[in-house]
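K.L.:
Got a sequence here, can you build the structure:
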Amino acid sequence: MTTALDAAGQLKLVIFDCDGVLVDSERASCRATAEFARSLGLKISDDEAHDRFSGKALSQVVKELEHETGRALPENTALKMRENLVRLMQKMAEPVEGAPEMLHGIRGLQLPFRVGSNSSVVEMDAKFERTQMTIFFPENRVHSANDMDEPKPSPGVYLYAAKAEGVLPENCVVIEDSDTGAEAARRAGMSCVLLRSEDLPLPAFWPTPGFVRIGHLSELVPLLRKTLQSQKDN
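P.N.:
This next block holds a predicted model:
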């Protein structure tokens, strides 16, 4: 099967994950989760929380904490954690290095782009406002797996974004940083650019056709420009 990054393919839509790709919020949010877990009596360090919970929806995190504590948490636990994260992001969210410049570059390629994240829309609104990226992402181009109740690795949010754009999954490339998100892209039948340094391990299913790794966002626009040119020439 031809992928969106192949010379014989057709790249028509870029779908960004939010946390760790556009907004540097993973460590702050995982630290908050670790503090909450410790309040439940669990011995979870900030680093362990990052390794365990990075890229996961809060509903998934709550389920894991319930399993580990052996008891049900209050029904509003995820909501309370989300409210805390929104307050945190309003003060601490920062753009991933190179993200604003990269988004300007994607615009220059005249490629449409959307966001598909495990974060709620409320969380993303706070993050984009804090990082001054709201101009890139009107409300109707921001999609939440959490709000759909289909957290990654379900492909639902990516398939929804493609449908909203009116393109097929094979014409999309997802920009991800987590194994969970990359798995969602794989299940959606989309290409994926994984933002990850060379010293970190790749997902268990790697290599996969249409999946590539980059170490910095500055590499993304040249990669997509080369892809579009090769498809034009093919």
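K.L.:
Would you tell me which helix is longest in the chain?
P.N.:
With DSSP state H applied, the helix covering the greatest number of residues in the chain is identified as helix 77-92.
K.L.:
now that one: how far from the chain's centre is it?
P.N.:
Once both centres are worked out by CA atoms, centre = their mean, to the nearest Å, helix 77-92 turns out to sit 18 Å from its chain's centre.
K.L.:
Next secondary structure after it?
P.N.:
Next along the chain after helix 77-92, taking DSSP states H and E as the criterion, comes strand 94-95.
K.L.:
That following strand: what's the following helix or strand?
P.N.:
Next in sequence after strand 94-95, counting helices and strands by DSSP H and E, comes helix 99-108.
K.L.:
Tell me the helices and strands packed up against that next one.
P.N.:
Contact partners of helix 99-108 among helices and strands, from 3 or more CB pairs under 8 Å, 6 or more residues apart in numbering; DSSP states H and E: helix 220-233. All C-beta spots, glycine's among them, are computed from the backbone N, C-alpha and C.
K.L.:
So what's the model's average confidence on the helix it packs on?
P.N.:
Taken as a whole, helix 220-233 has an average pLDDT of 97.
K.L.:
what are the C-alpha coordinates of it, in CSV please?
P.N.:
The C-alpha coordinates for helix 220-233 follow below in CSV (Å, rounded to 0.1, in the frame of the first residue of the first chain):
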residue,chain,number,x,y,z
LEU,A,220,9.8,18.4,9.5
VAL,A,221,9.3,21.1,6.9
PRO,A,222,12.2,20.0,4.7
LEU,A,223,10.9,16.4,4.9
LEU,A,224,7.4,17.4,3.9
ARG,A,225,8.7,19.8,1.2
LYS,A,226,10.8,17.0,-0.3
THR,A,227,7.8,14.6,-0.2
LEU,A,228,5.5,17.1,-1.9
GLN,A,229,8.1,17.8,-4.6
SER,A,230,8.7,14.1,-5.3
GLN,A,231,4.9,13.5,-5.6
LYS,A,232,4.6,16.4,-8.0
ASP,A,233,7.4,15.1,-10.1
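K.L.:
quick revisit: report the buried residues of the longest helix of the chain.
P.N.:
Neighbour counts using 16 or more other CB atoms under 10 Å place Thr77, Ala78, Met81, Arg82, Leu85, Val86, Leu88, Met89, Met92 of helix 77-92 among the buried residues.
K.L.:
Pipe those into JSON lines and attach distance to Lys232 and pLDDT per row.
P.N.:
Conversion of those to JSON lines gives the following (distance: CB to CB, whole Å; pLDDT from 0 to 100):
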{"residue": "Thr77", "distance to Lys232": "51", "pLDDT": "80"}
{"residue": "Ala78", "distance to Lys232": "46", "pLDDT": "75"}
{"residue": "Met81", "distance to Lys232": "46", "pLDDT": "77"}
{"residue": "Arg82", "distance to Lys232": "43", "pLDDT": "75"}
{"residue": "Leu85", "distance to Lys232": "42", "pLDDT": "75"}
{"residue": "Val86", "distance to Lys232": "43", "pLDDT": "76"}
{"residue": "Leu88", "distance to Lys232": "44", "pLDDT": "77"}
{"residue": "Met89", "distance to Lys232": "39", "pLDDT": "78"}
{"residue": "Met92", "distance to Lys232": "42", "pLDDT": "79"}
